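Enquirer: Next come a sequence and a model predicted from it.
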Amino acid sequence: MSPRKSAQDGAPAKSGAPGHTGSSEAAVADKPEYRVEALAKGLRLLTLFDEQRPTWRVTDLAAEAGLPMPTVYRVVMTLTAEGYLDHLPNGDYRPGVRTLTLGTAALRSLDLVGLATPKLQRLGEATGETVNLAVLTGDRVLYLVRLRNRDLVTANIQVGSTLPAVTTSIGKLLLAHLDEDDLRSRITPESFETQHGPNAKRSLAQLRDELRAIRSQGWAVQDEELAYGLRSVAAPVLGSEGKVVAGVNLAVQARDWSTERLVDELKPALLATCGEISTLVSSGVVA
């Protein structure tokens, strides 16, 4: 009996049908006849992208995965066509937005998100402004929580959205706590060519002094760097051993808030909230 016929007519197909869960389903997944090799190779290549190496060339992917170059080329072209990889001008590839959005449901269930959300809601209610929680992925920030004030006019940002790290307060905050090698591997000239406002820095050289100041003071401001009319202030969430694991910001309309007022009036409440979340994280509630 062929594998196809077995899947259609035999008991394994029943155990894997909707509504059936448990060990029988796991047993089906372990059967080699149900393995799709092309998919497995694509997933293997995607797992090579990480924070230490967010971009790869096709030749390097083939060497690292131990797969034939023609196979890797076809897989990479397919992943790119489907939006799971982006082809950069320098020839490298990096994870595309569809890869990020795959994890949105999982991200919303993370302990960090669950613990932080009530405190972020209280911060939003107390200030009346938009609150965001985000992490760094490559040269972009990925939004895990967004509690939007209806009066804030920005791009269509939602949970799972990403924005350039170099033009966002959370992004600059997280970049400021990277070591030099990590920073240089993430931030390239292409990082400055995406969405930006009138006050955006246009190179890593221009941004370095600000990153040093952010690392020293422990918070960051974005002053119409992401978009015209938008300002924000960000503070870190610390994990075990004081490592920065995420950032929270308050985003406001520039017409209503000067940078000085933003720092004087909103930063204290933001820092206090991040301190509360950090205590929960560092106490071991979140690994």
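Expert: Alright, I've got the coordinates. Residues are numbered from 1 along each chain as shown.
Enquirer: What is the neighbour count of the residue nearest to K172 when sequence neighbours are not counted?
Expert: Once flanking residues are discounted, K172 sits nearest to A220: 4.7 Å by CB to CB, 6 or more residues apart in numbering. (Glycine included, C-beta is placed from N, CA and C.) Neighbour count for A220, taken as other CB atoms under 10 Å: 26.
Enquirer: A220 and I214 touch, don't they?
Expert: Yes - in terms of CB atoms under 8 Å, A220 counts as a neighbour of I214; the distance is 4.5 Å.
Enquirer: Might you report the residue contacts of the residue nearest to K172?
Expert: 169-170, 172-173, 176, 214, 233-234, 247 (CB atoms under 8 Å, 6 or more residues apart in numbering).
Enquirer: same thing but 7 Å
Expert: Residues near A220 by CB atoms under 7 Å, 6 or more residues apart in numbering: 169, 172-173, 176, 214, 234.
Enquirer: I'd guessed A200 sits against E224; true?
Expert: No - with contact defined as CB atoms under 7 Å, A200 does not count as touching E224 (8.3 Å).
Enquirer: So between these two, which is more surrounded?
Expert: Taking other CB under 10 Å, A200 and E224 do not tie; A200 has more neighbours (20 against 17).
Enquirer: Check the residue nearest to that one when sequence neighbours are not counted and give its pLDDT.
Expert: Leaving aside its sequence neighbours, A200 sits nearest to E225 (CB to CB, 6+ apart; 4.3 Å). At E225, the model reports a pLDDT of 94.
Enquirer: is it true that A62 touches P70?
Expert: No - with contact defined as CB under 7 Å, A62 does not reach P70; the gap is 8.9 Å.
Enquirer: And these two? Which one has more around it.
Expert: Higher neighbour count among A62 and P70: A62, with 20 against 9, using other CB under 10 Å.
Enquirer: That one: what secondary structure?
Expert: Using DSSP: H, G, I helix; E, B strand; the rest coil as the criterion, the local structure at A62 reads helix.
Enquirer: ok, which stretches of the stretch 101-250 of the chain are strands?
Expert: In the stretch 101-250 of the chain, the strands defined using DSSP state E, counting those that start in this stretch lie at 130-137, 140-147, 162-164, 220-223, 230-238, 244-253.
Enquirer: shared neighbours, A220 and I214?
Expert: Looking at what touches both A220 and I214 (by CB under 7 Å, 6+ apart), the common residues are 172-173, 176.
Enquirer: Any quick PyMOL command for the buried ones out of those?
Expert: Selecting only the buried entries of these in PyMOL, with 16 or more other CB atoms under 10 Å as the criterion:
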select buried, resi 172+173+176
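Enquirer: Tell me the one of the shared contacts of A220 and I214 nearest S282?
Expert: Comparing the shared contacts of A220 and I214 against S282 with CB to CB places L173 closest, at 17.6 Å.
Enquirer: What residue, apart from its backbone neighbours, is nearest the closest one spatially?
Expert: Using CB to CB, 6+ apart, the closest residue to L173 is A220 (4.1 Å).
Enquirer: May I have the beta-bridge partners of the one you found?
Expert: A234 (DSSP bridges).
Enquirer: Repeat that for N249.
Expert: With DSSP bridges as the rule, N249 is bridged to N132, A234.
Enquirer: who's in contact with it?
Expert: By CB under 7 Å, 6+ apart, the contact set of N249 is 132, 169-170, 232-234.
Enquirer: Please produce JSON lines containing these, extended by pLDDT and distance to G83.
Expert: As requested, the contacts of N249 are exported to JSON lines (pLDDT from 0 to 100; distance: CB to CB, whole Å):
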{"residue": "N132", "pLDDT": "95", "distance to G83": "24"}
{"residue": "S169", "pLDDT": "97", "distance to G83": "28"}
{"residue": "I170", "pLDDT": "98", "distance to G83": "24"}
{"residue": "S232", "pLDDT": "96", "distance to G83": "28"}
{"residue": "V233", "pLDDT": "98", "distance to G83": "33"}
{"residue": "A234", "pLDDT": "98", "distance to G83": "29"}
